[in-house]
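Visitor: need a structure here:
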Amino acid sequence: MRTDRALLHDSLLAAALATAAVALFVVSRDGGVAGAALLALTYAPVAARRRWPLAALCAAQLPILVLAGLDGDPGLAGLTGLILLYSVAAHRGLAIALSGLAVAAVGYVTSVSLSPSPLAWPDHAMAVLVGIAVWGTGRSVRLRRAYLEELKDRATRLERAREADTRAARAEERSRIARELHDVVAHHVSVMTVQAAAARKVLTANPEVAGEALSAIEETGRLAMNEMRNIVGVLRTDAASGPPERGPQPGLRDLPALVEQMREAGLSTELEVEGEGSVPAGVDLAAYRLVQEGLTNSLRHAGPGAHARVSVRQAPRELSLVVEDDGRGPGAPAGDRTGHGLVGIRERVALYGGILRIGPRTGGGFEVRAIFPLKDG
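Guide: As a prediction, this is how the structure comes out:
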């Protein structure tokens, strides 16, 4: 469609130029029919100036040479050569453009040699300068067109790269939210399961203790719902509903409450903190989740009567955490405790360039040990 439209426009241009040139030729010179026909033929190749520019330039040389040989002055027929020379330079590569320049030069030299009335040197110099200027203008137009196409192509590639980065960022955010939800649900459901089992055992013998366990289950459920609401809130996209309500993310400051919750669930836990200072928000959250997952792991697998200990040590350039217990899960060796939660912890620690060790302790039990570097210690 685009090529057909260009051919139509060029055909109309050729017809208009041929009509004007023939009319001027007849009026100014009172030329014959043969001269008018040859002049019209010189403009016919203009119709193909964009589809076959070099072939059109070559085809236009013959009637121009014939006109030059008849009266020594082709008149406006020379305009055809300039139009086609520009078309070759503007629509073809450098090699073909140079070939077109050579064809135009040979045609000019031949027409001058055939002309009965030789031109003066200033006229030759002007003709050469005009031809070179037209050819150079065509090359400039082609180079600019190529530059604009390159800019458009680069903009398209950048837009695709931006979309790919956006998709990657969304995927990373979904992965982060999935890890957060897993940590929250695994921890609180494990606590609620242990408390429900304890309540069932003492429900008949000691209703008061069972009631306390049920109250603890209720409170743990509320905490789980609040944390999940805060995490999932970032997925809300309905602008009419307003911005999502976000609560502060948990961090090292919340470890005493976490340890107390473990004690209420039946896991004897102690907390030891050494050093203080500000910690980057991402490391703060990752450290909390690590301790939370480690204690949840101990609660589920360490067995009755186990004791857990959490050690937090903050040095100027690193934060180290240890979660260990002295139990062995019923029916399972300590080394078989790794699951999806601890795998997620590996990803969190690696994200901040930390070092993580998960495995059995010497002498029994299990430990989760991590070191986070603090760049701004």
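Visitor: okay, now the domains of this structure?
Guide: 2-118, 252-377 (automatic domain parsing).
Visitor: isn't Val310 up against Thr269?
Guide: Yes - with contacts counted by CB atoms under 8 Å, Val310 reaches Thr269, the gap being 6.7 Å. Just so you know, the C-beta spots here come from the backbone N, C-alpha and C atoms, and that holds for glycine as well.
Visitor: find residues that contact each of the two.
Guide: 259, 295 (CB atoms under 8 Å, 6 or more residues apart in numbering).
Visitor: Arg145: neighbour count?
Guide: When neighbours are defined as other CB atoms under 10 Å, Arg145 has 12 of them.
Visitor: hang on, I meant Leu255
Guide: By other CB under 10 Å, neighbour count at Leu255 equals 20.
Visitor: what's the helix or strand for it?
Guide: helix 255-264 (DSSP states H and E).
Visitor: after that helix comes which helix or strand?
Guide: Of the helices and strands lying after helix 255-264 in sequence (DSSP H and E), the nearest is strand 268-274.
Visitor: mind listing what's buried along that next one?
Guide: For strand 268-274, the neighbour count (16 or more other CB atoms under 10 Å) marks 268-269, 271 as buried.
Visitor: same question, stretch 257-271
Guide: Buried residues in stretch 257-271 (16+ other CB under 10 Å): 258-259, 261-262, 264-269, 271.
Visitor: CA atoms only: put it into PDB for me.
Guide: Written as PDB, here are the backbone C-alpha positions of stretch 257-271 (Å, rounded to 0.1, in the frame of the first residue of the first chain):
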ATOM      1  CA  ALA A 257       7.300 -10.300  72.100                       C
ATOM      2  CA  LEU A 258       8.100 -13.200  69.800                       C
ATOM      3  CA  VAL A 259      10.100 -15.000  72.500                       C
ATOM      4  CA  GLU A 260       7.200 -14.500  74.900                       C
ATOM      5  CA  GLN A 261       4.800 -16.000  72.400                       C
ATOM      6  CA  MET A 262       7.000 -19.100  72.100                       C
ATOM      7  CA  ARG A 263       7.000 -19.500  75.800                       C
ATOM      8  CA  GLU A 264       3.200 -19.300  76.000                       C
ATOM      9  CA  ALA A 265       3.100 -22.000  73.300                       C
ATOM     10  CA  GLY A 266       5.200 -24.300  75.500                       C
ATOM     11  CA  LEU A 267       8.700 -23.800  74.100                       C
ATOM     12  CA  SER A 268      11.200 -22.700  76.800                       C
ATOM     13  CA  THR A 269      13.000 -19.900  75.100                       C
ATOM     14  CA  GLU A 270      15.600 -17.300  76.200                       C
ATOM     15  CA  LEU A 271      16.800 -14.200  74.400                       C
END
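Visitor: show the average pLDDT along it.
Guide: The pLDDT scores in stretch 257-271 average 89.
Visitor: likewise for stretch 221-241?
Guide: 60.
Visitor: hang on, Ile345 is in a helix, isn't it?
Guide: Yes - assessed by DSSP: H, G, I helix; E, B strand; the rest coil, Ile345 belongs to a helix.
Visitor: wait, it sits on Glu293?
Guide: Yes - here Ile345 reaches Glu293: they are 5.3 Å apart, a contact under CB under 8 Å.
Visitor: joint contacts of the two?
Guide: With CB under 8 Å, 6+ apart, Ile345 and Glu293 have common neighbours Val368.
Visitor: all strands for the chain, in order.
Guide: Assigned by DSSP state E, the chain shows strands spanning 268-274, 307-314, 318-325, 355-360, 366-373.
Visitor: let me know which of those strands is the nearest to Leu62.
Guide: Closest to Leu62 of the strands of the chain is strand 366-373 (CB to CB; 81.4 Å).
Visitor: quick one: residues in contact with that closest one.
Guide: Counting by CB under 8 Å, 6+ apart, 283, 286-287, 290, 293-294, 297-298, 301-302, 317-325, 327-328, 334-335, 337, 342, 345, 349, 352-361 sit against strand 366-373.
Visitor: ok, 7 Å please
Guide: 283, 287, 290, 294, 298, 317-325, 334, 337, 349, 352-358, 360-361 (CB atoms under 7 Å, 6 or more residues apart in numbering).
Visitor: from these, which would you call buried?
Guide: Looks like the contacts of strand 366-373 have 283, 287, 290, 294, 298, 319-325, 334, 337, 349, 352, 354, 356, 358 buried, using 16+ other CB under 10 Å.
Visitor: pull the number of nearby residues for Glu172.
Guide: Neighbours around Glu172, by other CB under 10 Å: 11.
Visitor: cool, Arg167 as well?
Guide: Quick note: Arg167 (other CB under 10 Å) scores 10 neighbours.
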